[in-house]
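*Asks:* Sharing a model that was predicted from the sequence below.
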Protein chains: 4
Amino acid sequence: MKKESKTQEAIVEAAFALIGRHGLKNTSLSMIASEVGISKPAIYYYFSSKEELVDYLFHLVFDGHHFSAYFSIEEYTKKNFKKRLIADGIRYFEEYKHNSPALKVVHEFVLSAAHSPRYEKKLKAMVEHFLEGFDSLLSYGVELGVVSSENTSVNAHTLALIIDNLGNFMILGIEIDYKKIWETAVSNAMKGSETY
Amino acid sequence: MKKESKTQEAIVEAAFALIGRHGLKNTSLSMIASEVGISKPAIYYYFSSKEELVDYLFHLVFDGHHFSAYFSIEEYTKKNFKKRLIADGIRYFEEYKHNSPALKVVHEFVLSAAHSPRYEKKLKAMVEHFLEGFDSLLSYGVELGVVSSENTSVNAHTLALIIDNLGNFMILGIEIDYKKIWETAVSNAMKGSETY
Amino acid sequence: MKKESKTQEAIVEAAFALIGRHGLKNTSLSMIASEVGISKPAIYYYFSSKEELVDYLFHLVFDGHHFSAYFSIEEYTKKNFKKRLIADGIRYFEEYKHNSPALKVVHEFVLSAAHSPRYEKKLKAMVEHFLEGFDSLLSYGVELGVVSSENTSVNAHTLALIIDNLGNFMILGIEIDYKKIWETAVSNAMKGSETY
Amino acid sequence: MKKESKTQEAIVEAAFALIGRHGLKNTSLSMIASEVGISKPAIYYYFSSKEELVDYLFHLVFDGHHFSAYFSIEEYTKKNFKKRLIADGIRYFEEYKHNSPALKVVHEFVLSAAHSPRYEKKLKAMVEHFLEGFDSLLSYGVELGVVSSENTSVNAHTLALIIDNLGNFMILGIEIDYKKIWETAVSNAMKGSETY
DNA sequence: TATGAATGAGATTTCATTCAT
DNA sequence: GATGAATGAAATCTCATTCAT
């Protein structure tokens, strides 16, 4: 837990806010500096380049973005499984509603990964981490006897796909019944479903 | 329907390719001009600003991105409904695999939409158009008697959410069983599913 | 003979003058631009970077700096050999007196070669070219029978060393009898000289 | 003779090494500080500006660069004159071969002198000091009867010119017969040489 | 239709320097 | 004696845009 100076914190916070608002490329060090109320070179005292600042934000964001931060498998029981999964999911994507700068920056990274090999690998790893998270969770449900053993993996990935995109839709301000969609998805995933 | 000159076509094509590869902000008019083999000011003969060129691409992309271009409701029958829906969906997201410039540019616009009110509305409209497309399709399935009448709307939106994100995952190169996921999603959507 | 625009010529000329006066590192594109009376980016229309501009000057300077430009061996005869060699040498280093920007820039390159591998090789080649030039000239003198055949190479190199440094001393404004020194050096070189 | 602290010595040494390697303008206080392992402002405790540090180096270098440091006239005798002069000269320019930081810095100052009136005078003085040194030495040789009394001054200056440039050529890595050239030059200077 | 030439604005970055502690 | 924190000035370079031709 390295101690950050007030200024460094302010830089990071301003960067988050501005990148969330204007995007990665549209946020200049000048903007950050003037938002914080310091001079441009002051940023270089804390980060040796814009790239390094962005990297720092990237890690800050993704290091806190673990599957287990939202879905703590060890607290799931036979009895609370469904309720818990539904509640955790809702908690997850409702964060988007509050428009937290961090989540907007995640969004920014996710989308810019398409033409930035720098982040592509990390991001892919993060998505795969979530896929595996749901895999483990459903497998545990199978053990508990509350989740169908058929197609577990496909169902897990479907949940990941849905919850991820619910966040994206929320950012866009699409009005759909988020909770019901998630509840239904969880139900389907648990009951298993034979294909045609 | 204004007639496009060869040069204009070339500009648009180059812009598509470059933006798909490097992103909106990282693609400069110089890059486009030199890709086409013309001078920078020549672009201004066809588009009065970079913004206008981007707008043009935006419309080009989204005007061709109709729900009905992929799912032609009038060809769905009681008998072929499921098969058809599965097949059309697969056709849709497999386009991503082929890396078509247009789709990459859609992705890019989604990115910009997050911090550009200019595109936000249009994009939202497009997403809603897809949501309604699936709504209509499933409603038609209800009429035909092949789709459960319960929760139709939620199921339709779930399909939209899934198919949209399958494309995103494909761009990232995530290896999951795309087809099986889609098949299962269609099955669930058609059979309806009571919630807990 | 590529046609240079007026502006390009002006840039090159200003660069010569300013680098001669302030040195390579102390001459900025801003200085050049404002000397020429154009904007900074205008320079980039002609040279894609400062490095390229400097390279251009480098070649301009050294491509005209051939041994044969000062000492045209084919005009040397048995009768005029000494007189000619003395006169050509004087003509060579007297150019320094007139303080031509180009010569100052040569000086700049020569000295900065010490920590710029970029120019080191080229410069070494140029110096060696002059060494060989004097070698050939004296050898020709041997053939003509006006130059001693002993130690020809050592004597040639001595001439090169002296004439080169006479220029440097002139730039510094050292007051010595340049002509007499050169005459004596030529005499010694021609007569040959046994070592102790 | 102010006492230098360990830190000051380290600063000076690092400055020597870095300036020798990268040049005056390319060596920043940051580089020096980090080479020494201290903070940037620490340098300001010892030198009130970069200019002052450079001045200090300048004097350090030139105060040790006396003619008499290499050629101690009082040890020359009728018998050892030539041998001694040759040997001292060789010792002088062979220092260049060992790449001593101090000599590289001299070279650097010569470079700066061309466009820095600050050093020009000092440097000129130093060169003149060497010219006079050889003048005195040869005059002493005349007194001893081992040096021709004709053209003594011209011959002295020629020696200065040659030995100075031998060092420059060495830095560039030019491969010539340094020793033979110097021996011959000494011979010629002592024997005197009538001009044409 | 198209280009050569040029520009203002602004981006990232480096440097010598200062000052309170 | 020495440092952490900060700054003004300036450097190189890019970009969208303009305009006469």
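*Replies:* Yep, it's here.

*Asks:* residues of the longest helix belonging to chain A that come out buried?
*Replies:* In chain A, ranked by residue count with DSSP state H as the criterion, the top helix is helix A:117-144. Of the residues in helix A:117-144, those scored as buried under the neighbour-count criterion (16 or more other C-beta atoms under 10 Å in any protein chain shown) are A:119-120, A:123-124, A:126-128, A:130-131, A:133-135, A:137-139, A:141. Heads up, the C-betas are built off the backbone N, CA and C, glycines and all.

*Asks:* Equivalent analysis for stretch A:164-177, please.
*Replies:* By neighbour count, and taking 16+ other C-beta under 10 Å as the criterion, the buried residues in stretch A:164-177 are A:164-172, A:174, A:176.

*Asks:* re earlier: give me the subset of the buried residues of helix A:117-144 that also touch chain C.
*Replies:* Among the buried residues of helix A:117-144, not one lies near chain C by C-beta under 8 Å from any C-beta of the partner chain.

*Asks:* Pick out whichever of the residues you listed sits closest to A:Y56.
*Replies:* A:Y119 (13.0 Å; C-beta to C-beta).

*Asks:* The least confident helix or strand in chain A by mean pLDDT vs chain B: in contact?
*Replies:* Of all the helices and strands that make up chain A, the one with the lowest confidence by mean pLDDT, DSSP states H and E is helix A:101-112; it has a mean of 80. Yes. Where contact is defined by C-beta under 8 Å from any C-beta, part of helix A:101-112 touches chain B, namely A:104, A:107-108, A:111-112.

*Asks:* still on that earlier bit, sitting in helices, which of the buried residues of stretch A:164-177 do you find?
*Replies:* The helices in this structure, assigned by DSSP H, contain A:164-172 from the buried residues of stretch A:164-177.

*Asks:* check these against chain B, which are close?
*Replies:* Counting by C-beta under 8 Å from any C-beta, A:164-166, A:168-169, A:171-172 from these sit close to chain B.

*Asks:* Serialize these to TSV and add fields for distance to chain C.
*Replies:* Compiled in TSV, these are given as follows (distance: C-beta to the nearest C-beta, whole Å):
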residue	distance to chain C
A:D164	44
A:N165	44
A:L166	47
A:N168	40
A:F169	44
A:I171	38
A:L172	39
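
*Asks:* related to what we said a few turns ago, helices or strands up against the least confident helix or strand of chain A?
*Replies:* Counting contacts by 3 or more C-beta pairs under 8 Å, 6 or more residues apart in numbering or on different chains; DSSP states H and E, helix A:101-112 is packed against helix A:6-22, helix A:50-63, helix A:117-144, helix A:152-172, helix B:101-113.

*Asks:* DNA strand F is nearest to which of the ones you listed?
*Replies:* DNA strand F lies closest to helix A:6-22 among those, at 3.7 Å (C-beta to the nearest atom of the strand).

*Asks:* Make sure A:A17 is actually in contact with A:I32.
*Replies:* No. The criterion here is C-beta atoms under 8 Å, and A:A17 misses it with A:I32 at 9.3 Å.

*Asks:* who's more crowded, those two?
*Replies:* A direct count of neighbours by other C-beta atoms under 10 Å in any protein chain shown for A:A17 and A:I32 places A:I32 higher, at 25 against 17.

*Asks:* And chain A, split by domain according to the record?
*Replies:* When chain A is parsed into structural domains using automatic domain parsing, the resulting residue ranges are A:6-57, A:64-191.

*Asks:* who touches A:A156 in this structure?
*Replies:* A:A156 makes contact with A:131, A:134-135, A:137-138, A:189 under the criterion C-beta atoms under 8 Å, 6 or more residues apart in numbering or on different chains.

*Asks:* picking that back up, quick check, the least confident helix or strand of chain A touching DNA strand E?
*Replies:* No. Helix A:101-112 lies out of reach of DNA strand E by C-beta under 7 Å from any atom of the strand, never closer than 14.1 Å.

*Asks:* and the gap between the spatially closest residue to A:F62 that is not a sequence neighbour and chain C?
*Replies:* Counting by C-beta to C-beta, 6 or more residues apart in numbering or on different chains, A:F62 lies nearest to A:M126, which is 5.6 Å off, once chain neighbours are set aside. Plainly put, A:M126 is 38 Å away from chain C if you go by C-beta to the nearest C-beta, to the nearest Å.

*Asks:* so what pLDDT did A:M126 get?
*Replies:* Looking at A:M126, its pLDDT stands at 88.

*Asks:* same thing with A:H157?
*Replies:* pLDDT at A:H157 comes out at 98.

*Asks:* burial count for it?
*Replies:* Other residues near A:H157 number 28, with proximity taken as other C-beta under 10 Å.

*Asks:* For the closest residue to it other than its chain neighbours, which residues are in contact?
*Replies:* Closest residue to A:H157 apart from its sequence neighbours, by C-beta to C-beta, 6+ apart: B:I176 at 4.8 Å. Residues near B:I176 by C-beta under 8 Å, 6+ apart: A:131, A:157, B:169.

*Asks:* Need phi/psi at the most centrally placed residue in chain A.
*Replies:* Residue closest to the average C-alpha location in chain A (C-alpha atoms, centre = their mean): A:H65, at 5.4 Å. With angles defined as degrees, to the nearest 10, A:H65 shows backbone torsions of phi -100, psi 60.

*Asks:* how much space between the residue lying closest to A:E128 once chain neighbours are set aside and B:D88?
*Replies:* The shortest distance from A:E128 to any residue that is not its chain neighbour, by C-beta to C-beta, 6+ apart, is 6.6 Å, and that residue is B:I174. Distance, B:I174 to B:D88, using C-beta to C-beta, to the nearest Å: 22 Å.

*Asks:* isn't A:L131 right up against B:I174?
*Replies:* Yes. The pair A:L131 and B:I174 passes the contact test of C-beta under 8 Å, sitting 7.3 Å apart.

*Asks:* okay, now A:Y46: neighbour count?
*Replies:* A:Y46: 18 surrounding residues under other C-beta under 10 Å.

*Asks:* correct me, but it touches A:K6?
*Replies:* No. With contacts defined as C-beta under 8 Å, A:Y46 does not count as touching A:K6, sitting 11.1 Å away.

*Asks:* Output the set of residues of chain A in proximity to DNA strand F.
*Replies:* A:5, A:7, A:38-42, A:44-45.

*Asks:* Please repeat the previous calculation with a cut-off of 10 Å.
*Replies:* By the criterion of C-beta under 10 Å from any atom of the strand, the positions of chain A lying close to DNA strand F are A:3-8, A:10-11, A:30, A:33, A:36-46.

*Asks:* Just the ones of those residues in helices?
*Replies:* Among those, the members falling in helices (DSSP H) are A:6-8, A:10-11, A:30, A:33, A:36, A:40-46.
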